[in-house]
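Asks: Below is the structure, and that's it, no one-letter string:
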(Lines give C-alpha, C1' and ligand atoms only; values in the text may rest on other atoms or scores of the structure.)
Protein backbone atom coordinates (compact mmCIF):
# COMPACT_ATOMS: atom_id res chain seq x y z
CA UNK A 1 0.00 0.00 0.00
CA UNK A 2 1.32 3.37 -0.92
CA UNK A 3 0.26 6.79 0.21
CA UNK A 4 -0.75 7.51 -3.37
CA UNK A 5 -3.19 4.58 -3.32
CA UNK A 6 -4.75 5.80 -0.09
CA UNK A 7 -5.04 9.37 -1.37
CA UNK A 8 -6.58 8.14 -4.63
CA UNK A 9 -9.18 6.16 -2.70
CA UNK A 10 -9.87 9.12 -0.41
CA UNK A 11 -10.66 11.32 -3.43
CA UNK A 12 -13.37 8.84 -4.43
CA UNK A 13 -15.37 9.45 -1.24
CA UNK A 14 -18.26 11.87 -1.10
CA UNK A 15 -18.48 14.39 1.74
CA UNK A 16 -20.53 12.37 4.22
CA UNK A 17 -18.59 9.17 3.54
CA UNK A 18 -15.31 11.05 4.05
CA UNK A 19 -16.62 12.42 7.34
CA UNK A 20 -17.71 8.96 8.43
CA UNK A 21 -14.40 7.37 7.45
CA UNK A 22 -12.36 10.02 9.30
CA UNK A 23 -14.61 9.49 12.29
CA UNK A 24 -13.92 5.73 12.23
CA UNK A 25 -10.17 6.32 12.01
CA UNK A 26 -10.26 8.82 14.88
CA UNK A 27 -12.47 6.51 16.93
CA UNK A 28 -9.91 3.72 16.48
CA UNK A 29 -7.31 6.06 18.05
CA UNK A 30 -9.67 7.71 20.54
CA UNK A 31 -7.70 6.76 23.66
CA UNK A 32 -4.29 7.76 22.27
CA UNK A 33 -4.65 11.53 22.21
CA UNK A 34 -7.19 14.32 22.71
CA UNK A 35 -6.83 15.25 19.04
CA UNK A 36 -8.64 12.09 17.98
CA UNK A 37 -11.45 12.67 20.45
CA UNK A 38 -11.95 16.15 19.01
CA UNK A 39 -11.94 14.80 15.44
CA UNK A 40 -14.70 12.37 16.42
CA UNK A 41 -16.71 15.21 17.96
CA UNK A 42 -16.26 17.49 14.93
CA UNK A 43 -17.26 14.69 12.55
CA UNK A 44 -20.44 14.12 14.52
CA UNK A 45 -21.25 17.83 14.19
CA UNK A 46 -20.51 17.89 10.44
CA UNK A 47 -22.21 14.67 9.34
CA UNK A 48 -25.19 15.44 7.13
CA UNK A 49 -24.77 19.21 7.42
CA UNK A 50 -21.44 20.14 5.83
CA UNK A 51 -21.30 21.01 2.15
CA UNK A 52 -18.01 22.39 0.80
CA UNK A 53 -18.15 25.67 -1.04
CA UNK A 54 -15.30 24.81 -3.44
CA UNK A 55 -16.55 22.21 -5.91
CA UNK A 56 -13.05 21.81 -7.38
CA UNK A 57 -11.58 20.57 -4.12
CA UNK A 58 -11.64 16.89 -3.14
CA UNK A 59 -14.43 16.36 -0.57
CA UNK A 60 -12.15 14.72 1.98
CA UNK A 61 -9.74 17.68 1.84
CA UNK A 62 -12.63 20.09 2.36
CA UNK A 63 -13.68 18.03 5.38
CA UNK A 64 -10.10 18.00 6.71
CA UNK A 65 -9.84 21.77 6.30
CA UNK A 66 -13.22 22.35 7.96
CA UNK A 67 -12.23 20.20 10.95
CA UNK A 68 -8.92 22.10 11.18
CA UNK A 69 -10.84 25.41 11.12
CA UNK A 70 -13.22 24.21 13.84
CA UNK A 71 -10.27 23.08 15.95
CA UNK A 72 -8.50 26.40 15.47
CA UNK A 73 -11.62 28.25 16.63
CA UNK A 74 -11.38 26.20 19.82
CA UNK A 75 -7.80 27.32 20.42
CA UNK A 76 -5.86 24.44 18.88
CA UNK A 77 -3.77 24.27 15.72
CA UNK A 78 -2.16 21.78 13.33
CA UNK A 79 -5.23 19.53 13.11
CA UNK A 80 -4.76 19.26 9.34
CA UNK A 81 -1.37 17.64 9.97
CA UNK A 82 -2.89 15.27 12.54
CA UNK A 83 -5.51 14.15 10.01
CA UNK A 84 -2.90 13.79 7.23
CA UNK A 85 -0.75 11.66 9.54
CA UNK A 86 -3.79 9.56 10.49
CA UNK A 87 -4.52 8.93 6.80
CA UNK A 88 -0.89 7.96 6.10
CA UNK A 89 -0.87 5.54 9.03
CA UNK A 90 -3.85 3.33 8.24
CA UNK A 91 -3.55 -0.41 8.70
CA UNK A 92 -4.66 -3.13 6.30
CA UNK A 93 -8.13 -3.42 7.85
CA UNK A 94 -8.71 0.32 7.62
CA UNK A 95 -7.51 0.18 4.01
CA UNK A 96 -10.01 -2.62 3.31
CA UNK A 97 -12.78 -0.44 4.74
CA UNK A 98 -11.59 2.51 2.63
CA UNK A 99 -11.66 0.38 -0.52
CA UNK A 100 -15.14 -0.87 0.37
CA UNK A 101 -16.38 2.70 0.83
CA UNK A 102 -14.60 4.06 -2.25
CA UNK A 103 -15.87 1.41 -4.66
CA UNK A 104 -19.23 0.69 -3.02
CA UNK A 105 -22.65 2.23 -3.32
CA UNK A 106 -23.15 5.87 -2.42
CA UNK A 107 -26.00 5.19 -0.03
CA UNK A 108 -26.20 5.78 3.71
CA UNK A 109 -27.33 2.21 4.33
CA UNK A 110 -24.33 0.78 2.42
CA UNK A 111 -21.87 2.99 4.32
CA UNK A 112 -23.51 2.11 7.64
CA UNK A 113 -23.39 -1.58 6.76
CA UNK A 114 -19.70 -1.39 5.84
CA UNK A 115 -18.87 0.40 9.11
CA UNK A 116 -20.98 -2.06 11.11
CA UNK A 117 -19.19 -4.99 9.48
CA UNK A 118 -15.81 -3.35 10.18
CA UNK A 119 -16.75 -3.00 13.86
CA UNK A 120 -18.38 -6.44 14.08
CA UNK A 121 -15.32 -8.21 12.70
CA UNK A 122 -13.20 -6.51 15.32
CA UNK A 123 -10.93 -4.99 12.70
CA UNK A 124 -10.22 -1.98 14.83
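Replies: Right, received. Where do you want to start? What you are looking at is a predicted structure, and each value in this text was computed from that prediction instead of being measured.
Asks: so who does the residue nearest in space to the middle of the chain touch?
Replies: By Cα atoms, centre = their mean, the chain has its centre lying nearest to residue 22, at 1.7 Å. Shown in contact with residue 22 (Cβ atoms under 8 Å, 6 or more residues apart in numbering): 39, 43, 60, 63-64, 67, 83, 86. (Each C-beta comes from the backbone N, C-alpha and C, glycine too.)
Asks: ok, and the most crowded of the residues you listed?
Replies: The residue in the contacts of residue 22 with the most neighbours, by other Cβ atoms under 10 Å, is residue 63 (29 neighbours).
Asks: Just give me the closest of the contacts of residue 22 to residue 120.
Replies: residue 43 (20.5 Å; Cβ to Cβ).
Asks: Next, the closest one: phi, psi?
Replies: phi -60, psi -40 (degrees, to the nearest 10).
Asks: Run a quick check on it versus residue 19, I expect a contact.
Replies: Yes. With contact defined as Cβ atoms under 8 Å, residue 43 and residue 19 form a contacting pair (5.0 Å).
Asks: Which neighbours do these two have in common?
Replies: Contacts common to residue 43 and residue 19, judged by Cβ under 8 Å, 6+ apart, are absent.
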